[in-house]
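>>> based on what follows, work out the 3D shape:
(chains A and B)
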Amino acid sequence: MNCQTIQNRVLALPDPRLLPDPLREHVNACPGCLAWWKQAARIERILAELPVPPAPADKKTALLQELSGPVIHTVPAIERRSFATRFWSVPAVRTMAGLAAAVLFAVGGWLMIRPGPGSPNIQAKPSSDPFLERIVQRDLALAQARTADQRLDVLGSLAGDLSTEAQSLSKIANPEELRDLSGMFQKVVNDGIVEQARKLPEHSLTQTQKKELLNRLSQKLLDAGRQADEAARESPPHAQPALKTISETARDGQTKLKAILGA
Amino acid sequence: MCESGDEAEWIRAAQAGDRAAFALLVERYWDRLYRWLYQLTRDRHAAEDLTQETFLKALSALGSFRPGSNFKAWVYKIGHNNFVNQKRAERRTRVPLPDDLPGSEGIEAEGSAESREALEAVSRAVAELPPDFRAALMLRVEQGMPFRDVARVLKTTEETARWRVFKARQKLMQVLSPEVLPPGKSATE
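Residues are numbered from 1 along each chain as shown, chains lettered A, B, ... in the order given. As a prediction, this is how the structure comes out:
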């Protein structure tokens, strides 16, 4: 075996620092390969210990607190053999519960790290925050919705809540907080409204009902997009990317809803 | 690799609705997943958001996890899907991913025998690797995953996973010559 072959075999090992005997024999006897191997082993070691900056918002703690606290969002109760169990076993409902829980968790975590006005270290209690209360209400409404159109209406309202909150905070919140809100808005629009509208059961609504529902949602998205555009004109530069994301997501969602309606 | 006895118990409890059990899984894997996602995104905000999103999705999809299979690979696969989706969304909205430049504040080199310069040189070289190769390399080297699990996370074959790790190492050897890589505090090999 020549040196190039040896070196390729070393790089293909699970760990190049641990040489099997045939390769070790060559490396020990060949000064060029020995120097090369020392460099390869050093890079491998550095890769394993590359430092990373600490996470900026401690969302891990927020999530762990959320998990250890009382259940404030609806999650399927697996042990119960009740109507609720059967209800939650419907795949579309489970998907919606996941989305609602995701938004609620994200909002809960976000509120824990969000600075209060004039006091950067104050930790807002989720239960006393009107925004979180609204989200919890939407979450419950989502859990109680029996039909796809009811769920879509709640999601439309949830998107409106998130957009309004981003607009009202656009002059005081920092870019990360606004980005979190715009991310939640994207999730509700893309994973929620558009995805669920695509999956509307064929015969659950008449064509007229479907048209009314999707037009209603389109109007909500249109309003959210326009308001985000208006807020962006009066907001500081750091707030504009998040508002622009909301505006573009709303427009994009509106276009997709129209396409679904036309399909 | 299947999960340990403790972990299997936590998963069973979490699947039955025990939130505290899921919290134990979050505690076990959050930091490792964040480290890997940071290497993919080079942005600590994005990495933290993706880590959070991964666990929330894992929580909502826990019912679909097959007990006895590899929970770590399953969670990382969700994380990788999130990363890929985020990249797609960025391409659509044309918002460039903000970079945390390697070596910027917050990166601590303490506890390493290597100099800060050496760590930064390797970090920069890793950042230049194509994302698929970087993802495979860091799963193998930093996270210690067998090639089989690397393939599972990245939804590819074991052969491709091996090839990506090999090519990534080869590239690093090309760009990190001894002249480029400053000596460590204790240059022992």
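>>> okay, CA-based contacts and neighbour counts for the rest of this
Will do.
>>> low-confidence ranges in chain B?
Scanning chain B for pLDDT under 70 picks out B:1-4, B:91-113, B:182-189.
>>> any idea how far chain A is from the closest residue in space to B:Lys77 that isn't next to it in sequence?
Spatially, and ignoring its direct neighbours in sequence, B:Lys77 is nearest to B:Val153 (4.3 Å; Cα to Cα, 6 or more residues apart in numbering or on different chains). Counting by Cα to the nearest Cα, to the nearest Å, the separation of B:Val153 from chain A is 17 Å.
>>> quickly find the element holding A:Arg146.
A:Arg146 is part of no helix or strand, with elements assigned from DSSP states H and E.
>>> how much space separates it from A:Leu213?
From A:Arg146 over to A:Leu213 the distance is 15 Å, taken as Cα to Cα, to the nearest Å.
>>> settle it for me: which of the two has more neighbours?
Set side by side, A:Arg146 and A:Leu213 show more neighbours around A:Leu213, with 19 against 12, by other Cα atoms under 10 Å in any protein chain shown.
>>> give me the spatial nearest neighbour of the more buried one, chain neighbours excluded.
Nearest to A:Leu213 is A:Asp149, by Cα to Cα, 6+ apart, at 7.0 Å.
>>> so the one you found sits right up against A:Glu212, yeah?
No. Using Cα atoms under 8 Å, A:Asp149 is not in contact with A:Glu212, being 10.2 Å away.
>>> the two: which has the busier surroundings?
A:Asp149 (20 against 13).
>>> for A:Ala55, helix, strand, or coil?
Classification of A:Ala55 using DSSP: H, G, I helix; E, B strand; the rest coil returns coil.
>>> show me chain B divided up by domain.
Per automatic domain parsing, the structural domains of chain B span B:1-100, B:113-179.
>>> correct me, but B:Ala14 touches B:Leu24?
No. B:Ala14 is beyond contact range of B:Leu24, at 9.4 Å (criterion: Cα under 8 Å).
>>> now the helix ranked longest in chain A: buried residues?
Counting residues, the longest helix found in chain A (DSSP state H) is helix A:207-233. For helix A:207-233, the neighbour count (16 or more other Cα atoms under 10 Å in any protein chain shown) marks A:210-211, A:213-215, A:217-218, A:220-229, A:231-232 as buried.
>>> for it, name the packing helices and strands.
Secondary-structure packing of helix A:207-233 (3 or more Cα pairs under 8 Å, 6 or more residues apart in numbering or on different chains; DSSP states H and E): helix A:148-169, helix A:240-262.
>>> in which helix or strand would I find the nearest residue to A:Cys3 once chain neighbours are set aside?
Excluding its sequence neighbours, the residue lying closest to A:Cys3 (Cα to Cα, 6+ apart) is A:Cys33, at 6.7 Å. Using DSSP H and E, A:Cys33 maps to helix A:31-48.
>>> neighbouring contacts of that helix?
A:3, A:7, A:11, A:15-17, A:26-28, B:114, B:119, B:122-123, B:138, B:141-143, B:172-173, B:177-178, B:189 (Cα atoms under 8 Å, 6 or more residues apart in numbering or on different chains).
>>> and those, which of them are in strands?
Nothing among those maps onto strands, per DSSP state E.
>>> just the buried residues from these, in ChimeraX please.
A single ChimeraX command is used to select the members of those judged buried by 16+ other Cα under 10 Å:
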select /A:7,11,16,17,26,27 /B:114,119,122,123,138,141,142,143,172,173
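>>> strands along chain B, start to end?
According to DSSP E, chain B contains no strands.
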